[in-house]
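Undergrad: heads up, no residue letters with this:
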């Protein structure tokens, strides 16, 4: 499945120029005897043709590996015949506001393993399959049927390993199952009162029939972790309410803790606002509402970015960018504002640093936020920035890290982007610690670790 027909003679060039109605194939000097026609240019399509026995993740992503641009595709071995396991409709399980549902999908499974990591060279289309789960018996059978097509785990280069991550589709299936199977009491499980749900994506306004909030990759430090880690995260809400029930993260970077799930389950006595409630608070705030109305004037549309949830400082910090897009002409979104919520305090400022400063009283010198309705007691206010150099420095570091992350993202340098995200998380943590000014930390939800779950 690698490479394609070569354009190494005039006849081939002429035939393909006619086929694709492109005279440049025949006339352009850049097309030479080494040029090839690639019929299947989509990375997922190429992997599917090389290994049709794999179910492929819906989110292929590019990385620079060993000096070449390569697409990385996660491959699963699946089955519907595993004993004593709950069947899941794969298309339904992965559907959200970024992955549309598939009509008439017949893909029920009750066994799923991320057995293969595949790469597709963006220049010549070369497909490489690497064994990721060496204990999967299904993959072993396929390797016997097609010997030599899947390279061993040891062939994964060090540089490629740094770009691999925990796949989204598997995580979506697992979070859907965990929403029910976190209940261990048989009577409670039968009643279903303690089941959770994935909240709807509040930034999309409920435009679709299926609109759960997608999971997000974040660099964060969960309770029990010694350092921030690149993780795939999601929130849960009770089935009949919109407040926050739990926050779950899985270690997404290869290493000893890869695939380890950590869950913050909030006590029922706490009422921490969920994503939908936070979005409503943002838009209902009089000051923020008036500013959004001004941004919508003059032929512009306001678009909300991803509403990100971060467990920091004994509470939940929500961050959401606000973009403005012209309704005519060259329409591309421009970042205009950043919304931040912590406890009962919401602010919208021009930058993340300014929004954090406003929420945590970094430079204002005004009284601190009121008692958190989400069960987290905010400490007494810190002095203004001039009297609290630690807080001022932390906020400045957060702003610098945000700028570095934006620069790295524009340059496509994901390694630098990850480093900047770690620096940002560290700066936010230091800002919260400085804001507390020695006050005793409020109780935080207990962390529980679930095993690296499969779909069974």
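TA: Yes, it's here. Predicted, not measured: the structure shown is a model, and the values here were computed from it. Numbers count the residues shown, from 1 in each chain.
Undergrad: drop to CA atoms for contacts and neighbour counts, all remaining ones
TA: Will do.
Undergrad: what helix or strand is residue 188 on?
TA: helix 186-191 (DSSP states H and E).
Undergrad: list the helices and strands the helix or strand following that helix packs on?
TA: On the C-terminal side of helix 186-191, the closest following helix or strand by DSSP H and E is strand 196-197. Under the contact definition 3 or more CA pairs under 8 Å, 6 or more residues apart in numbering; DSSP states H and E, strand 196-197 sits against helix 168-181, strand 229-238.
Undergrad: averaged pLDDT, strand 196-197. What do you get?
TA: In this model, strand 196-197 has an average pLDDT of 96.
Undergrad: pop out the phi and psi values for residue 316.
TA: Main-chain dihedrals, residue 316, degrees, to the nearest 10: phi -110, psi 120.
Undergrad: how confident was the prediction at residue 22?
TA: 76.
Undergrad: can you get me a residue count around it?
TA: For residue 22, the neighbour count with other CA atoms under 10 Å is 12.
Undergrad: likewise for residue 336?
TA: As a burial measure, residue 336 scores 16 neighbours (other CA under 10 Å).
Undergrad: and it, that's in a helix?
TA: No. Read with DSSP: H, G, I helix; E, B strand; the rest coil, residue 336 is strand and lies in no helix.
Undergrad: so it touches residue 305, yeah?
TA: No. Counting by CA atoms under 8 Å, residue 336 stays clear of residue 305, with 11.1 Å between them.
Undergrad: run a quick neighbour tally on residue 151.
TA: Residues lying near residue 151 (other CA under 10 Å) number 18.
Undergrad: gap between it and residue 166?
TA: According to CA to CA, to the nearest Å, residue 151 stands 20 Å off from residue 166.
Undergrad: and residue 214, that's in a helix?
TA: No. Residue 214: not assigned to a helix; according to three-state DSSP it is coil.
Undergrad: tell me, how many residues neighbour it?
TA: Using other CA under 10 Å: residue 214 sits among 22 other residues.
Undergrad: pLDDT below threshold where in this structure?
TA: Counting by pLDDT under 70, the chain has low-confidence residues at 1-4, 205-210, 329-330, 363-387, 409-414, 435-456.
Undergrad: tell me which residue lies nearest the centroid of it.
TA: The C-alpha lying nearest the average C-alpha coordinate of the chain belongs to residue 216 (CA atoms, centre = their mean; 2.2 Å).
Undergrad: surely that residue and residue 233 touch.
TA: Yes. Contact criterion CA under 8 Å: residue 216 and residue 233 qualify, at 5.3 Å.
Undergrad: that older thread, possible to save the helices and strands packed on strand 196-197 as a markdown table with mean neighbour count and distance to residue 407?
TA: Below are these laid out as a markdown table (neighbours: other CA atoms under 10 Å; distance: least, CA to CA, whole Å):
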| stretch | mean neighbour count | distance to residue 407 |
| --- | --- | --- |
| helix 168-181 | 20 | 25 |
| strand 229-238 | 24 | 19 |
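Undergrad: columns distance to residue 348 on top of those, output as TSV?
TA: Converted to TSV, those look like this (distance: least, CA to CA, whole Å):
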stretch	distance to residue 348
helix 168-181	30
strand 229-238	23
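Undergrad: so which of these comes closest to residue 331?
TA: Among the helices and strands packed on strand 196-197, the nearest to residue 331 by CA to CA is helix 168-181 (29.5 Å).
Undergrad: now that closest one against strand 229-238, angle please.
TA: Interaxial angle, helix 168-181 versus strand 229-238 (axes from the mean of the first three to the mean of the last three CA atoms, to 10 degrees): 40 degrees.
Undergrad: in terms of secondary structure, what does helix 168-181 contact?
TA: With contacts taken as 3+ CA pairs under 8 Å, 6+ apart, helix 168-181 sits against helix 90-94, strand 111-121, strand 196-197, strand 229-238.
Undergrad: from the chain's centroid, how far away is it?
TA: The chain centre lies 14 Å from the centre of helix 168-181; the measure is CA atoms, centre = their mean, to the nearest Å.
Undergrad: give me the residues contacting it.
TA: Helix 168-181 has contacts (CA atoms under 8 Å, 6 or more residues apart in numbering) with 57-59, 88, 90, 93-94, 112-114, 189, 192, 194-198, 215, 232, 234, 236, 453-455.
Undergrad: measure how that helix sits relative to strand 111-121, angle-wise.
TA: Interaxial angle of helix 168-181 relative to strand 111-121 (the same axes, to 10 degrees): 160 degrees.
Undergrad: enumerate the positions of the strand or helix carrying residue 160 that are buried.
TA: Assessed by DSSP H and E, residue 160 sits inside helix 158-163. For helix 158-163, the neighbour count (16 or more other CA atoms under 10 Å) marks 160, 163 as buried.
Undergrad: can you list contacts of that helix?
TA: Helix 158-163 has contacts (CA under 8 Å, 6+ apart) with 63, 65-66, 253-254.
Undergrad: now rank those by neighbours and give me the top one.
TA: For the contacts of helix 158-163, neighbours were counted by other CA under 10 Å; the highest total belongs to residue 63, with 22 neighbours.
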